[in-house]
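Asks: Build me a model from this:
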Amino acid sequence: MKLDRRRIRADFDEVVNMTAAELSEWLETAESNAVGFKGKDGQRKESVGHASGRQIVQILAKPSDALSDEDFAHMRKVVGFVRRHRAQRPDNIYTSRWRFSLMNWGHDPTTD
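Replies: Take a look at the predicted model:
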């Protein structure tokens, strides 16, 4: 499992290119709150990506040896989401919902 954790950590560090402070600040914006999946018929108050962003902030604040199995599971989820969605890059990325959604997951594609 240790080798797997190292790989997950390396992949996470590759795709999450926002600091905890940058992500926290972003999550407070109207743009951040306006994007993302909120469940069937908008049942959820907070989007899945926004909740993920809050969890990423917590992960970024922890030392590596304090990360739990739940943290590593979420880190894998983040890596998968970012990699899948980066492949769907639109022509105008700067003001796109695509970019805003990725930023909720800790990745700002304008810094690629």
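
Asks: Mind listing what's buried along the lengthiest helix in the chain?
Replies: The longest helix of the chain (DSSP state H) is helix 69-86. Residues 71, 72, 74, 75, 78, 79, 81, 82, 85 are the ones in helix 69-86 that count as buried (16 or more other Cβ atoms under 10 Å). Just so you know, the C-beta spots here come from the backbone N, C-alpha and C atoms, and that holds for glycine as well.

Asks: So what's the residue count around residue 38?
Replies: Burial measure for residue 38: 15 neighbouring residues, criterion other Cβ atoms under 10 Å.

Asks: Likewise for residue 35?
Replies: By other Cβ under 10 Å, the residues close to residue 35 number 19.

Asks: Make sure it is actually in contact with residue 99.
Replies: No: contact criterion Cβ atoms under 8 Å: residue 35 and residue 99 do not qualify, at 9.1 Å.

Asks: what helices or strands is the longest helix of the chain leaning on?
Replies: Applying 3 or more Cβ pairs under 8 Å, 6 or more residues apart in numbering; DSSP states H and E, one finds that helix 69-86 contacts helix 2-15, helix 48-61, helix 97-104.

Asks: Lowest average confidence across those helices, which one?
Replies: Per-stretch mean pLDDT for the helices and strands packed on helix 69-86 is lowest at helix 2-15 (a mean of 90).

Asks: What are the buried residues along that one?
Replies: For helix 2-15, burial by neighbour count (16+ other Cβ under 10 Å) applies to 8, 11, 12, 15.

Asks: measure the first one to residue 49 for me?
Replies: To tie it back to what came earlier, the one meant is residue 8. From residue 8 across to residue 49, the span is 19 Å (Cβ to Cβ, to the nearest Å).
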